[in-house]
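> what's the 3D shape of this:
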Amino acid sequence: MADHKDRLISQLKQEATELRQRERDYKTLQDQLLALESHFNRLNDEKRRMDDDYKGRIDANLLFIANLRNEIDD
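Now for the predicted structure:
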């Protein structure tokens, strides 16, 4: 009877230890996910800014070309 209780206590201690480790692993993964999401958002914002800048340069070049054509035609 005492042997059974000792095994049960030992098993429960082991399960508690495993659960604490799983919780630490989960928190680590959660932190990694949050860091990746933050990095993704920063890169996405940077890409959006670069796209806007690129579009602005294209528009400026098209306007410049149109002005040059008008000068040539005049």
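
> secondary structure element for the residue positioned nearest the centre of the chain?
For the chain, the residue nearest the mean C-alpha position is residue 37 (2.2 Å; CA atoms, centre = their mean). Taking DSSP states H and E as the definition, residue 37 sits inside helix 2-73.

> Show me how far that helix is from its chain's centre.
Averaging C-alpha positions (CA atoms, centre = their mean, to the nearest Å) puts helix 2-73 0 Å from its chain's average.

> tell me the mean pLDDT for it?
Across helix 2-73, pLDDT averages out at 96.

> Count the neighbours of residue 8 for me.
10 (other CB atoms under 10 Å). All C-beta atoms are positioned from the backbone trio N, CA, C, and that covers glycine.

> what's the answer for the one 4 residues further on, then?
Residue crowding around residue 12 was assessed by other CB under 10 Å; the count is 10.

> With residue 3 instead?
So residue 3, with other CB under 10 Å, has 7 neighbours.

> quick one: it from residue 24, how far?
32 Å (CB to CB, to the nearest Å).

> before we move on, what about residue 47?
For residue 47, the distance to residue 24 - CB to CB - is 35 Å.

> try residue 49
For residue 49 relative to residue 24 (CB to CB), the value is 38 Å.

> Please apply the same query to residue 14.
Distance from residue 14 to residue 24, by CB to CB: 16 Å.

> List the contacts of the residue nearest to the centre of the chain.
Residues near residue 37 by CB atoms under 8 Å, 6 or more residues apart in numbering: none.

> same deal with residue 11?
By CB under 8 Å, 6+ apart, residue 11 has no neighbours at all.
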